[in-house]
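Chemist: Give me the fold of what follows.
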Amino acid sequence: MIIIGVDFHPEFQQIALLNTTTGEVEEKRLAHPGEAEKFYRALASANETVRIGMEASGHARWFERLMAELQFELWIGDAAVIRTKRVRKQKTDRQGAQLILSLLLENRFPKIWAGTLKSCLTPPTLSERRFTTLVPSTHNQPHHFH
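Modeler: Numbering: from 1, shown residues only. Below is the predicted model:
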């Protein structure tokens, strides 16, 4: 199995990768989308089981679709919880990827969503969706009780 921690940015991603069969560890910076897509397609051609962990990001939809197409397991983590796991306040992209990889390996990754090909292509049921109530804020408004 190959386990990858991804520190995802709009223009690139920094990865920390562990091949659990060989014990090999790699770190790479992949430009989006070309270099990243080429890397993951090559990984798919090796017929390895792949699990990828990353923080939730609004810029990653194309990446989520690619992971689903390649049938890689993608875990999306709670960014706020991941931030609390950092030892240092300031981080580098490399440290971010390493942290996510270590959280995956130690079963401490704060997963809010895990996707596979089926779950990415199948819309969630009503019970699986998270709804946000659109209610005007009354925080700084006077309250009238009758």
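Chemist: Please list all residues in contact with the spatially most central residue of the chain.
Modeler: Closest to where the C-alpha atoms of the chain average out (CA atoms, centre = their mean) is residue 54, at 2.2 Å. Applying CB atoms under 8 Å, 6 or more residues apart in numbering, we find residue 54 in contact with 5-8, 13, 60, 74-77, 100. Bear in mind the C-beta positions are built from the backbone N, C-alpha and C, glycine included.
Chemist: With secondary structure as added columns, please give the residues you listed in JSON lines.
Modeler: Formatted as JSON lines, the contacts of residue 54 follow (DSSP: H, G, I helix; E, B strand; the rest coil):
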{"residue": "5", "secondary structure": "strand"}
{"residue": "6", "secondary structure": "strand"}
{"residue": "7", "secondary structure": "strand"}
{"residue": "8", "secondary structure": "strand"}
{"residue": "13", "secondary structure": "strand"}
{"residue": "60", "secondary structure": "coil"}
{"residue": "74", "secondary structure": "strand"}
{"residue": "75", "secondary structure": "strand"}
{"residue": "76", "secondary structure": "strand"}
{"residue": "77", "secondary structure": "strand"}
{"residue": "100", "secondary structure": "helix"}
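Chemist: Quick check: of those, which lies closest to residue 22?
Modeler: Of all those, the one sitting nearest residue 22 is residue 5; the distance, using CB to CB, is 17.4 Å.
Chemist: what's the burial count for that closest one?
Modeler: The burial metric for residue 5, expressed as a neighbour count using other CB atoms under 10 Å, is 28.
Chemist: Quick check: the gap between it and residue 91.
Modeler: Here the distance between residue 5 and residue 91 works out to 13 Å (CB to CB, to the nearest Å).
Chemist: Mutual contacts of these two, please.
Modeler: Jointly contacting residue 5 and residue 91 under the rule CB under 8 Å, 6+ apart are residue 99.
Chemist: Please name whichever of the contacts of residue 54 scores lowest on pLDDT.
Modeler: The lowest pLDDT within the contacts of residue 54 belongs to residue 60, which sits at 91.
Chemist: That residue is in contact with residue 9, isn't it?
Modeler: No: when contacts are counted by CB atoms under 8 Å, residue 60 is not listed as touching residue 9 (9.8 Å).
Chemist: Right, I'll call it a day here.
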